[in-house]
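Asker: Sequence unavailable; structure follows:
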């Protein structure tokens, strides 16, 4: 890694602002979420996950390096291609909670979800691709642990054990360092402020998303 000190700073920010420290996930891991809580969460997650192809496409369209675009395209295919893409896997899990794809599509994004999507769209649509690379690096830096923790909790605390239903979380529990590598290969010392600002904005956006599905009862319990 060429920019080890920068990535140590990224790690520190993501650790400080980790999604797993949010009251919603603390409540999740206490095993106290109701089916209604989980259904509302998945409705909002549907809007966030559905925007990821647009995040990736935004960076891809502004990247001049052909090799980087190929790597991005591989990631984009996982998000977008076929019926068992990431959004399709999320729909399958939601069906285990009694939601249909129509329920998800007709749901409305709340203020926290809109803020998260708008922030990530702004960063990943920038002509300065370091903003977008940093945003997805910040997301990928924690999503594997988050997904693995959620999958384990769903099995042990909520009785959801079907491999098919849990495929979305299994897929995301695999560590993906490709965005770290692309950022490391592209960023220079002069870009550090931009990168760290993007990392903070991304982490704050993801916390805002969780704010939108957190009730007073959850806050009180945590």
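Answerer: Noted; the coordinates are in hand. Computed from a predicted model, the values in this text were never measured in an experiment.
Asker: if I look at the residue lying farthest from the centre of the chain, how far off is residue 6?
Answerer: Of all residues in the chain, residue 190 has its C-alpha farthest from the mean position, at 27.2 Å, by C-alpha atoms, centre = their mean. With distances taken as C-beta to C-beta, to the nearest Å, residue 190 is found 11 Å from residue 6. (Each C-beta comes from the backbone N, C-alpha and C, glycine too.)
Asker: mind listing the helices for the chain?
Answerer: Using DSSP state H, the helices of the chain run over 4-16, 23-29, 35-50, 52-62, 66-80, 86-95, 101-106, 111-124, 129-158, 167-172, 178-186, 192-211, 216-221.
Asker: And the pLDDT at the residue farthest from the centre of the chain?
Answerer: What the model reports as pLDDT for residue 190 is 92.
Asker: Residue 175 now?
Answerer: With respect to pLDDT, residue 175 has a value of 87.
Asker: any idea how far residue 112 is from residue 56?
Answerer: Residue 56 is 22 Å from residue 112, by C-beta to C-beta.
Asker: do residue 106 as well
Answerer: Counting by C-beta to C-beta, the gap from residue 106 to residue 112 is 19 Å.
Asker: Mean neighbour count for the helices of the chain - can I get that in JSON lines?
Answerer: Output for those, formatted as JSON lines (neighbours: other C-beta atoms under 10 Å):
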{"stretch": "helix 4-16", "mean neighbour count": "15"}
{"stretch": "helix 23-29", "mean neighbour count": "19"}
{"stretch": "helix 35-50", "mean neighbour count": "19"}
{"stretch": "helix 52-62", "mean neighbour count": "20"}
{"stretch": "helix 66-80", "mean neighbour count": "15"}
{"stretch": "helix 86-95", "mean neighbour count": "20"}
{"stretch": "helix 101-106", "mean neighbour count": "14"}
{"stretch": "helix 111-124", "mean neighbour count": "20"}
{"stretch": "helix 129-158", "mean neighbour count": "21"}
{"stretch": "helix 167-172", "mean neighbour count": "19"}
{"stretch": "helix 178-186", "mean neighbour count": "19"}
{"stretch": "helix 192-211", "mean neighbour count": "20"}
{"stretch": "helix 216-221", "mean neighbour count": "12"}
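Asker: neighbours around residue 51, how many?
Answerer: 20 (other C-beta atoms under 10 Å).
Asker: Contact partners for the spatially closest residue to it that is not a sequence neighbour?
Answerer: Distances taken as C-beta to C-beta, 6 or more residues apart in numbering place residue 117 nearest to residue 51, at 4.8 Å, with adjacent residues excluded. Contact analysis of residue 117 by C-beta atoms under 8 Å, 6 or more residues apart in numbering lists 47-48, 51, 109.
Asker: Hmm, residue 168 and residue 154 touching each other?
Answerer: No. Contact criterion C-beta atoms under 8 Å: residue 154 and residue 168 do not qualify, at 10.5 Å.
Asker: Just the pLDDT for residue 83.
Answerer: 89.
Asker: which phi and psi does it have?
Answerer: According to degrees, to the nearest 10, the main-chain angles of residue 83 amount to phi -90, psi -20.
Asker: now do residue 176
Answerer: Per degrees, to the nearest 10, the backbone of residue 176 is at phi -120, psi 110.
Asker: Name the nearest residue to it, ignoring sequence neighbours.
Answerer: residue 140 (5.1 Å).
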